[in-house]
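*Asks:* quick one, fold the following:
(chains A, B, C and D)
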Protein chains: 4
Amino acid sequence: MKNFYQDGPQLSNTFRSDEALQKILKSLLPADAQKVALPHLEHLGERAVTDMLTWAQEAESQPPVHVPFDPWGRRIDDIKTSHGWKALEKVAAEEGIVATAYDRRFGAASRVYQMALLYLYSPSSAIFSCPLAMTDGAARALELYADADLKARVLPHLLSRDPKTFWTAGQWMTERTGGSDVSGTSTDAHPFTGTSEFGATHSLHGTKWFTSATTSQMALTLARPDGAAPGSRGLSLFFLELRNDKGELNHIQIHRLKDKLGTKALPTAELSLQGTPARMIGGVGEGVKRIASVLNITRIYNSICAVGHIRRALDLAQDYSGKRQAFGKLLKDHPLHKSTLDSLEADFRKCIAFSFFVANLLGQEEVGEASASEKILLRVLTPILKLYTAKKSIHISSEVVEMFGGAGYVEDTGIPRLLRDAQVFSIWEGTTNVLSLDMLRAFEKDQAGQILEQFLVLNEAGSEELVRLQKLLTLSGEQKEQHAREIAFLIGNAVARIAMKKYSL
Amino acid sequence: MKNFYQDGPQLSNTFRSDEALQKILKSLLPADAQKVALPHLEHLGERAVTDMLTWAQEAESQPPVHVPFDPWGRRIDDIKTSHGWKALEKVAAEEGIVATAYDRRFGAASRVYQMALLYLYSPSSAIFSCPLAMTDGAARALELYADADLKARVLPHLLSRDPKTFWTAGQWMTERTGGSDVSGTSTDAHPFTGTSEFGATHSLHGTKWFTSATTSQMALTLARPDGAAPGSRGLSLFFLELRNDKGELNHIQIHRLKDKLGTKALPTAELSLQGTPARMIGGVGEGVKRIASVLNITRIYNSICAVGHIRRALDLAQDYSGKRQAFGKLLKDHPLHKSTLDSLEADFRKCIAFSFFVANLLGQEEVGEASASEKILLRVLTPILKLYTAKKSIHISSEVVEMFGGAGYVEDTGIPRLLRDAQVFSIWEGTTNVLSLDMLRAFEKDQAGQILEQFLVLNEAGSEELVRLQKLLTLSGEQKEQHAREIAFLIGNAVARIAMKKYSL
Amino acid sequence: MKNFYQDGPQLSNTFRSDEALQKILKSLLPADAQKVALPHLEHLGERAVTDMLTWAQEAESQPPVHVPFDPWGRRIDDIKTSHGWKALEKVAAEEGIVATAYDRRFGAASRVYQMALLYLYSPSSAIFSCPLAMTDGAARALELYADADLKARVLPHLLSRDPKTFWTAGQWMTERTGGSDVSGTSTDAHPFTGTSEFGATHSLHGTKWFTSATTSQMALTLARPDGAAPGSRGLSLFFLELRNDKGELNHIQIHRLKDKLGTKALPTAELSLQGTPARMIGGVGEGVKRIASVLNITRIYNSICAVGHIRRALDLAQDYSGKRQAFGKLLKDHPLHKSTLDSLEADFRKCIAFSFFVANLLGQEEVGEASASEKILLRVLTPILKLYTAKKSIHISSEVVEMFGGAGYVEDTGIPRLLRDAQVFSIWEGTTNVLSLDMLRAFEKDQAGQILEQFLVLNEAGSEELVRLQKLLTLSGEQKEQHAREIAFLIGNAVARIAMKKYSL
Amino acid sequence: MKNFYQDGPQLSNTFRSDEALQKILKSLLPADAQKVALPHLEHLGERAVTDMLTWAQEAESQPPVHVPFDPWGRRIDDIKTSHGWKALEKVAAEEGIVATAYDRRFGAASRVYQMALLYLYSPSSAIFSCPLAMTDGAARALELYADADLKARVLPHLLSRDPKTFWTAGQWMTERTGGSDVSGTSTDAHPFTGTSEFGATHSLHGTKWFTSATTSQMALTLARPDGAAPGSRGLSLFFLELRNDKGELNHIQIHRLKDKLGTKALPTAELSLQGTPARMIGGVGEGVKRIASVLNITRIYNSICAVGHIRRALDLAQDYSGKRQAFGKLLKDHPLHKSTLDSLEADFRKCIAFSFFVANLLGQEEVGEASASEKILLRVLTPILKLYTAKKSIHISSEVVEMFGGAGYVEDTGIPRLLRDAQVFSIWEGTTNVLSLDMLRAFEKDQAGQILEQFLVLNEAGSEELVRLQKLLTLSGEQKEQHAREIAFLIGNAVARIAMKKYSL
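*Replies:* Alright, predicted model coming up:
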């Protein structure tokens, strides 16, 4: 045993090894879409364990660096990212991780196909999936609300498959006053008097506290035009480009990059807008409403990435359980280890089924094929899906770390990153509690609560959990709020079971 | 709102603010012990939020560095630790964090008093509590099994309250072949032929994979004497001193420090014994048995530290909930936030009650006051306590990180450390599954299973969970193993409830 | 030879081993001063190779860190320095490195005594000698020009021997527009309207490009009052305190710490004054004149530190030459190595003799014992001394690095630092060319050129170099400027020879 | 002046801007060679200030990292280098920096052409020129002394212009016992008994203290076969390949990378040979003789790189002198600044003329066109050239740093690197003193001293320095050694003047 060295876990083509994904796609994609999508996904599943993996490790080990000044004292706010990070951006363009959703070659199925790409791309992307979520959300917002000239200028970049012309977008919402609560937004928008290539209407002044994509070319943000109301009602949505044609930042100052628990390769910054030219999208005071339509997309991204993350964690744990011996047996041959793994795997199946169920609703909505109640389901299920998958990904990541014992706690195995990154899924796009309350609010509109309940009763009749849920739904006021999380998880479990049945998982 | 800056969470004297601890101590400590202990604990509770806190931050931000060679190529294996880390070691000596358990001034209550010190010390110690666990375990092993001359040489150092003479101890058990499973230990022990200040009997050759205290002065380790049996049966326990009187390492080579998810200030190393002089303690093949008695201590340390950690996390979250506004109210005034916090606080009370219940059993056992069934309870409850508190500390830490939103994910707030450090509690001293199986094994001996069941029935009659537990306990073989975790948590919850009642929590 | 390891160089008491210093002090210090100074210097010579050395290494390996923001986004501009750096500041206070010059217990000899302390302190101080130079210069400026109340407030701090009350001072002269050329200073001084503890008269706005002591408590700086003339004529000298009584910076923003070739432990910063309260010292437009008197002090500090640096480099090289073998002999037994070392040692003797000759003139001037021509000599020799010792220290450091071969190029031996640090001596306080021209300008005033020439002729009659010098001094205009460096070095050599004779070196 | 920002220095095509180089090449290259070489050099001069410059900065800012172990404890000794460093290796292959010398398309002029390439490549290569020197030296040694099969196996790699097949070579001579003095080499060579792809004859055991190219594919080294004599006489030259066909190191353990003053991108390592298969080249005891022929090449590389470095430093200083104002004028309009720069420029012309004069001799010798006395000149002038250019490069670099004032001392301007890197030129390949003595030894053989003297008299009759030189040459024994440096510099100056005349500089 002197020269014993443990073999580490190994990954193989992540499409080919993922039965659940394959079943779901066979259920959701029409035949013509399968013909295109499946080989493409197999190809990406291979990249995910070869070149992408190398770049992701490089990107993780060389985090971005902020250079505020040049040697001579000029403010430059350069953000240096690694070769690996840049290579992963290229992959995103080449593989059409965003674009696939917008060519709508296969109708509603295009969104499912695109989410499957994202699901394979994400866990080997060093969280480049985050800028992509912002990009997709921005593309949707522009598609829905921007004037024709702005669309013509920007959409071809966001949807490009050519790395040279591909743009990513940022969404700069969070300020120091609040995370998800944007009502205290203190960024002002004054009328813009200069000239601007992209039709700026205002110049913005304010500080943004978390901006996840400061290396992107454009951003959407919220600001309060002169004279607008306080609170959320006074906010408008703005489009801006980060740099002018000389490559200088457009009156933007970056304060610092955040030193985060995880998502180490992602350049998350604190910044100030100091007279930044911006163009209003939609009308005065319509900001929150406009941004809401984007939230569906970014929350589903968050969910798909969380599920991709869970899959990755389990792939590593399962492979390792066939290689590591303890107390005379391989880990996988220990009944308790086996039952622990199995229960995590069952959680995974719930999550993936639930996620693609909602992704499919999104696809239907985007191409105008969703019924009224499907639209409502999409609206109420999205926050539930997001919080459900986020919590599962943290729990599973922590269990997987533990399954590796000491090796799981040591960074060069790559295992601790699983937990560090997973934690962010419960914070981005609204925490568990914020989204639980969002769900309650959604129930009140258009009889959404009843529609959801009917959907569950129809598909889940008799379940014990359903009884409990129905009881909780009768609560009101403070009491209902206190149980909002429990309600969310009961619904999440129920919908997951329905989806699993649908996809024969 | 332009100039709005959130105030961060603040800590106050951690003894004075901790009602649960105070109640427990009033229940467990006799009056004379209270007179001494309570002011001491109040004093330490103050240090925990003043000087110790500063040093802990310093120690975290200046992790230890391994210098393998001097400038001229000589192997030196120097481990440089920060000023803060060294200061925290001094506090440990001055405050008698280990010594208090061994003066036994208050009989069994001395252990309770000592564990209360540890509980306050630990969350502001940058995990210096880990070397202390090893030191306490070593003191106990030497007390029980070492020859008089060795005791006389070493115990005064381990139990010193003078930083100048204080020693810490390491326990070097883990090898590459196994974590908790030491049966594959490949360290050889050949007869020692030289001279040695501490009566070395063997010289050791082998590699130790995780050694948490390579800056300590002594260590206990396992090795296989020439000709001894394979597997665990052939292992003996050895005492060694790390450095000779010139300050050189005693034929020990340090390969590297581990870059860990958390416990950043703690110098965890991989090392080789290359002819290290060592003295056998106990007989050939008695190694595992001897080390077992130490495990009770280190596992209870792990539990107390996990509970101290939970308290710290909740103190921060509670203070912050009274400072942070969202959606128009302080966090603490949101019913859902409040109910979430309350449920974590309830978990905390379970954990602290359970921990001191077991610590008290340990104290009784150490001074010979434990009955036969109390000894058995100590044996079976120790692994359950350890796994129970570890899992709770991870869950609560993750929830607390989430409660801080984005700020919880940014390292300079100190919040992410809560999660990074918590994860280790489930790995050190045996993972959840390893300990669940250890519990099952313990049930088989001396009718321990029945004794525990009786204890629960007596104290918990009628509980629904108890019914489920009793059913699971009738399973056998593989099936029982599959449910070992569930059994452990059912027992944990039950004992926690019993202890809470006992301490009026 | 398998197990051959080279022994590194070792230092012994740097006072006891320094014959040249001892001879000079015996020549310059009266008997009563010797009685006090020599034991003190021997004590400091011991610290220089014991505790100070450890702290200096610690300070070098933990460079200062700038923290612009607190976790919640507040601008704090904290500069974290190491424990070693702080300990070296304490030594400076305790040993009276500045204070000794101002108690004037031994008249003019107090300055010589103080410079001897500095000479021993400096090479083991990780360049803490730089803040001390600024502190001494500030003390002198305040002594000469400040109002009584300001003196009473500040001088006791600058001259304190108690680390708790000791202050250091910064001098913030350099702006982006110019190094030594302050004429383009763009810091504005507006009338101050608020209240201020130290009697602020103006509030300053501007950017300072190199500020060597941003952890100090006070600073002197130049600014242009509203309406003052452009160029140097419009500048005034200002006193400011860095922090208010809450410990916040007084409207000062630190942009960044400079990442320098050497002087790694020294926190050199770029900063902005953003309405910083300041008190004018002297009248409007007198800034440059007032600062000039400080320059004598800081330039002599620069020189003494350069000579201390040379001594350190040679001590290391000489010790090593008795330990290292090459081609069958110790280095010191190779005639060429020996002659190389000897010539560097001869250069050292020139430098130390020249330095203390000028330090003595300074001492005389400060206590009013200097004759008119001695005052003039002090003025013209100071820039020459500074440039002469700086260039020698670079040359000698580079030669010493080379004498260590590969080991001299490897940072952990500490040898490369010699070259990295030496280079700064030629940049601080005016480069070689700037000072050469300063010397030429000085010649024009008060017949200084002739007085110097007479001094040289009197003491150096017949030297070949003197003939060359006299010829060059007859040049004029552009031609003279072209030869300014050569003139400076000819004078430097001549004065050094005169001083060596005087001190029997 | 508020918004004044200094412009930094800029480089333009380094071939086009270098008159001296152009004149020399027009003098030394025949017309057909010019037709090929000049456009190629112009092309490389452009890359030197465009893509290469970017990669060099990247390579400098991401120094190599040594990873001794994989996550599971296996020794791997991986050396991670940056993307920039790898790109610079590709440039070396593509541009034929080594290969050009060996195709000998233009006879002796091929070497001059190649050295001109190196001269342009080197200052933008982040010192990738060092591995190339080793590679060229190895190619020459193999060409001269290796068996046909080994040549056939290795030379095509060393001389490849295809990055995919290009190999670099290391030379591992230095041990802890001595730098240039290899007599104490303690690496043993035992007969090799295994099988080996490259015909290994021995297996080596020993430690190498400085190895500049541990990422190369092959190395030459010295070792002492069993039974061979002590001292230099017993050493043989060995060829080895670093990795086997699985990519594992061939029984080589890397101890650490050196943390150096400069050459930060270059992975210089300390390593052990632990049974490394190697093939003897030449006979037993011929090691030093064989390596000597390589030294001519590596010393001339050192010289050309030093001169390229000087050119770069002056290009930067000259450009800056036209941009920076001080005291009312551009730096270049200050007579003293101008005369300082001019004298450095004059030194440069001496160095480049001297270097190509010797490079041309090397070219002639390599193609068999050198006369007997030209061979002798090559032998005696090579060490002089090396020490002469090295010392000049340090002096000039330090002056250039000073010319930038504070900006020259700040790393992000790139200026400090000039001094840090220059210092190595005086250490690599023998220090100034070692080479001065080498020169004296060379004088004794084949009447070399007289032949050199005649050459100088013929070309330099009447010079004052020549008189001094002739006097020194009559010294003997210890006295001559003491003056060896002076002799070397007198000859260096004289030959430089002769060469300048020859090339009309």
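*Asks:* please count neighbours and contacts with C-alpha atoms only from this point.
*Replies:* Fine.
*Asks:* neighbours around residue A:486, how many?
*Replies:* Neighbour count for residue A:486, taken as other C-alpha atoms under 10 Å in any protein chain shown: 16.
*Asks:* show me what from the stretch 401-505 of chain A comes close to chain D.
*Replies:* Where proximity means C-alpha under 8 Å from any C-alpha of the partner chain, the interface of the stretch 401-505 of chain A facing chain D comprises A:407, A:412-413.
*Asks:* neighbour count, secondary structure and pLDDT added to the residues you listed, as TSV?
*Replies:* TSV is the format used below for these (neighbours: other C-alpha atoms under 10 Å in any protein chain shown; DSSP: H, G, I helix; E, B strand; the rest coil; pLDDT from 0 to 100):
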residue	neighbour count	secondary structure	pLDDT
A:407	25	helix	96
A:412	19	helix	96
A:413	17	helix	97
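*Asks:* for the residues you listed, which one is nearest chain B?
*Replies:* Using C-alpha to the nearest C-alpha, residue A:412 is the member of those that sits closest to chain B, with 7.2 Å.
*Asks:* mind checking how far the residue nearest to the spatial centre of chain A is from chain C?
*Replies:* To find the centre residue of chain A, average its C-alpha atoms and take the closest one (C-alpha atoms, centre = their mean): that gives residue A:302, at 2.6 Å. As judged by C-alpha to the nearest C-alpha, to the nearest Å, residue A:302 and chain C stand 26 Å apart.
*Asks:* does that residue touch residue A:424 like I think?
*Replies:* No. When contacts are counted by C-alpha atoms under 8 Å, residue A:302 is not listed as touching residue A:424 (9.4 Å).
*Asks:* re the thing from before, and chain B, which of the residues of the stretch 401-505 of chain A next to chain D contact it?
*Replies:* Restricting those to contacts with chain B (C-alpha under 8 Å from any C-alpha) yields residue A:412.
*Asks:* of the residues of the stretch 401-505 of chain A next to chain D, closest to residue C:16?
*Replies:* Proximity of those to residue C:16, judged by C-alpha to C-alpha, is greatest for residue A:412, which lies at 51.6 Å.
*Asks:* please name the spatially closest residue to that closest one (chain neighbours excluded).
*Replies:* In space, not counting the residues next to it along the chain, residue A:412 is nearest to residue D:71; the distance is 5.4 Å by C-alpha to C-alpha, 6 or more residues apart in numbering or on different chains.
*Asks:* hang on, that neighbour in a helix?
*Replies:* No. The assignment for residue D:71 is coil, going by DSSP: H, G, I helix; E, B strand; the rest coil, so no helix is present there.
*Asks:* who's in contact with it?
*Replies:* If a contact means C-alpha atoms under 8 Å, 6 or more residues apart in numbering or on different chains, then residue D:71 has A:407, A:412-413 as its contacts.
*Asks:* one more: residue A:252?
*Replies:* Residues in contact with residue A:252, defined by C-alpha under 8 Å, 6+ apart, are A:242, A:271-276.
*Asks:* so it bridges to which residues?
*Replies:* When bridges are called by DSSP bridges, residue A:252 pairs up with residue A:273.
*Asks:* strands of chain A, start to end?
*Replies:* Listed from the start of the chain, chain A has strands (DSSP state E) covering A:65-69, A:75-80, A:169-172, A:188-191, A:202-211, A:218-225, A:236-241, A:252-257, A:269-281, A:325-326, A:329-330.
*Asks:* restricting to C-alpha, output the fourth one in CSV.
*Replies:* Coordinates of the C-alpha atoms in strand A:188-191 are reproduced here as CSV (Å, rounded to 0.1, in the frame of the first residue of the first chain):
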residue,chain,number,x,y,z
ASP,A,188,-30.7,59.5,-11.9
ALA,A,189,-31.4,60.0,-15.6
HIS,A,190,-31.1,63.5,-16.9
PRO,A,191,-31.9,64.5,-20.5
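*Asks:* now for that strand, which elements pack on it?
*Replies:* strand A:202-211, strand A:218-225 (3 or more C-alpha pairs under 8 Å, 6 or more residues apart in numbering or on different chains; DSSP states H and E).
*Asks:* likewise the longest one?
*Replies:* Applying 3+ C-alpha pairs under 8 Å, 6+ apart, one finds that strand A:269-281 contacts strand A:202-211, strand A:236-241, strand A:252-257.
*Asks:* dump the ones you listed to TSV, plus mean pLDDT.
*Replies:* Formatted as TSV, the entries for those read as follows, by pLDDT from 0 to 100:
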stretch	mean pLDDT
strand A:202-211	95
strand A:236-241	97
strand A:252-257	96
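*Asks:* mind putting the ones you listed into CSV with distance to residue A:490?
*Replies:* Listed next are the helices and strands packed on strand A:269-281 as CSV, based on distance: least, C-alpha to C-alpha, whole Å:
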stretch, distance to residue A:490
strand A:202-211, 32
strand A:236-241, 35
strand A:252-257, 38
